[in-house]
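Chemist: any chance you can model this:
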Amino acid sequence: MSRVAVYLAGVGWATIFGLSFLVTKGALEAFSPFELLFLRFALATAALGLLAALRAVRLEFRGKPRLPLALICLFQPIIYFSCETYGLQETASSTAGLILGALPAAVAALSAPMLKERLSLRQALGLGLSVVGVVLIVGSGSGGGGSDSLRGVLLIVVALVSAAFYNVFSRRSRELYSPAETTFAMMASGAAFFGALALAQGLLGAGQGWEEGLIARATPAAWGAVAYLGILSSVLAFFLVNLSLSRLKASQASIFGTITTLVALIAGVAFRGESIGLVELAGAIAIICGVWATNARPRR
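Modeler: Residues are numbered from 1 along each chain as shown. Coordinates of the predicted model:
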């Protein structure tokens, strides 16, 4: 695979994740968080299973060690989405964005001792520039204030650490599992875990209209959101993430995540009529320049 194709994969998954914020907000009006996560990962598992049955992708787990794959699934999606779901309920979106925007730096910090990866000075400066861009965009918005609880902030920090470990372990296991195999394992584990939580939530009477049933209270738009999250934001996006991690250094692959903030900003302007100021524009330029500096080939 050419280097350009790998970069396009990085931009692709960042774009899909960036648009998923708009989609998720609408879906949560019909489903509880755990119901939505279960439906998302269940649909993704079924879609990948169908592709495997049609031999469009190959899934072969026999004879391969299970522990590395189990660690990947534990950190992403189980720990990450669990902490993010509850953390966002007790923190402002701007606070969560600032914390999660530090993911490339966290991945770089872990990849040095765990993967023996090193960044050049130019790459390190590019990584820092992208993080600054995220801070500028998220910090310019409203919503911080005193709405953050200590527990919520800690949960978002745990989600950040979990995502960083996922990037490192996925990169480390690239010789054992194909991107399709890693993605399928992640989706199946997410469906099983969040399905159990959604069932327990409903049995305890804490679900969102559990007695009405999912079919009865979901609108066509909500099911469309589930389809987007299950097919595009799970199967395709995580496949592209794992593909990027199999071809690039973990720190280089994770830097594309800063584009997610940029895409969310553009989506807000395009679909919500939100305005963009000079600070946000400066942040967008910093993200683009940072991604380029981190992944551009050095001149010989």
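Chemist: which SS class is residue 117?
Modeler: With DSSP: H, G, I helix; E, B strand; the rest coil as the basis, residue 117 sits in coil.
Chemist: and for it, nearest residue in space, chain neighbours not counted?
Modeler: Distances taken as Cβ to Cβ, 6 or more residues apart in numbering place residue 111 nearest to residue 117, at 4.3 Å, with adjacent residues excluded. From N, CA and C alone the C-beta is placed, and that goes for glycine too.
Chemist: pLDDT score assigned to that neighbour?
Modeler: At residue 111, the pLDDT value in this model is 89.
Chemist: so what's it up against?
Modeler: 117, 167, 168, 171, 249, 250, 251 (Cβ atoms under 8 Å, 6 or more residues apart in numbering).
Chemist: residue 24: which of the residues you listed is nearest?
Modeler: Nearest to residue 24 among the contacts of residue 111, counting by Cβ to Cβ, is residue 167 at 21.7 Å.
Chemist: how about the helix or strand where that closest one lies: buried residues?
Modeler: For residue 167, the host element (DSSP states H and E) is helix 150-172. Going by neighbour count (16 or more other Cβ atoms under 10 Å), the buried part of helix 150-172 is 152-153, 155-172.
Chemist: just checking, what packs against the helix or strand following it?
Modeler: Later in the chain than helix 150-172, the nearest helix or strand by DSSP H and E is helix 179-203. Applying 3 or more Cβ pairs under 8 Å, 6 or more residues apart in numbering; DSSP states H and E, one finds that helix 179-203 contacts helix 33-53, helix 67-73, helix 237-247.
Chemist: how about these, which one is nearest residue 106?
Modeler: Taking the helices and strands packed on helix 179-203 one by one with Cβ to Cβ, helix 237-247 is closest: 14.7 Å.
Chemist: chain center to the closest one, what's the gap?
Modeler: 11 Å (Cα atoms, centre = their mean, to the nearest Å).
Chemist: and that helix, C-alpha only, in PDB?
Modeler: Presented in PDB, the C-alpha positions along helix 237-247 are these (Å, rounded to 0.1, in the frame of the first residue of the first chain):
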ATOM      1  CA  ALA A 237     -13.500   3.900  10.600                       C
ATOM      2  CA  PHE A 238     -11.900   1.400  13.000                       C
ATOM      3  CA  PHE A 239     -10.700  -0.700  10.000                       C
ATOM      4  CA  LEU A 240      -9.000   2.400   8.700                       C
ATOM      5  CA  VAL A 241      -7.600   3.100  12.200                       C
ATOM      6  CA  ASN A 242      -6.100  -0.400  12.500                       C
ATOM      7  CA  LEU A 243      -4.900  -0.100   8.900                       C
ATOM      8  CA  SER A 244      -3.100   3.200   9.700                       C
ATOM      9  CA  LEU A 245      -1.600   1.700  12.900                       C
ATOM     10  CA  SER A 246      -0.300  -1.300  10.900                       C
ATOM     11  CA  ARG A 247       1.600   1.000   8.400                       C
END
